[in-house]
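[1] How does the following fold in three dimensions:
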Amino acid sequence: MSKDLHAVFNQVIKVFSRKPEMAKSVYSIKSRLVENLKTESRAGSHTLVIDEPQELGGTDAGPNPLDTFLVALGTCQEITYAAYAAVMGLKLDKVEVDVEGDIDLRGMLSIDDVKPGFSGISYVTRITSPEPEEKIRQLVTAVEEHCPVMDTIKSPTMVAGRLEIQQSS
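    Prediction:
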C-alpha cells in the first residue's frame, strides 16, 4: 500500500508542480436539517448524519458538529502522515490521533458571556514505526506545517455567509 501512495503522491506533486492551476480546488458540502436537530450532509458521494445527543435534545443518530470538527482534525493529520510518509519513503505501522476540545456550552446557549466555541484543542499522536526517531520527527514537522485542517484552525481564515429567505405557503 505504501508503494501505491508513494507513486500516487509523487505523480500528483509532479503534475501540480508543472501546472499549479490544477492544484486549486473548491470543497463543498450541502447540508439540511432533517428533523428536530438531526441533519444530513452530502459530501461528494457520501451522506453524513449529524445530530445531538439525547440529553441536548437530539436523537443521537450521529456525532454532533463539535465531534465532527475534532474528527476532521484527527483524520486530516492521520491522512497527512500517510501521504508524507509515503513521499519520504518512511514505513508507518500505525498512526493514531486522539483529539480533545474544551468548551463551555453556556456560550452557545447565551447563558453567560463566554466564548461559544472551543477555548482550547489538544491532541496526542501515537506513531508506531521501525524508522529512526529523527526521521519520524522530520515527518511530524512536515505534517504539522502542512495539514490543511490544522492550518485552517491556526491561521485566520475568511468566512463569509449569505442568507436566502424563501417564503413557504
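[2] What separation is there between the residue nearest in space to the middle of the chain and Pro148?
    Nearest to the geometric centre of the chain sits Ala72, at 2.1 Å (CA atoms, centre = their mean). According to CB to CB, to the nearest Å, Ala72 and Pro148 sit 9 Å apart. All C-beta atoms are positioned from the backbone trio N, CA, C, and that covers glycine.
[3] do the same with Ile103
    Following CB to CB, the distance that separates Ile103 from Pro148 is 23 Å.
[4] same check, this time on Arg32
    Counting by CB to CB, the gap from Arg32 to Pro148 is 25 Å.
[5] Please say which of Ile103 and Pro148 ends up with more neighbours.
    Ile103 (16 against 13; other CB atoms under 10 Å).
[6] what are the phi and psi angles of the more buried one?
    phi -150, psi 150 (degrees, to the nearest 10).
[7] For stretch 16-23, list every residue counted as buried.
    Neighbour counts over stretch 16-23 (16 or more other CB atoms under 10 Å) mark no residue as buried.
[8] what bits of the protein have low per-residue confidence?
    Scanning the chain for pLDDT under 70 picks out the ranges 1-3.
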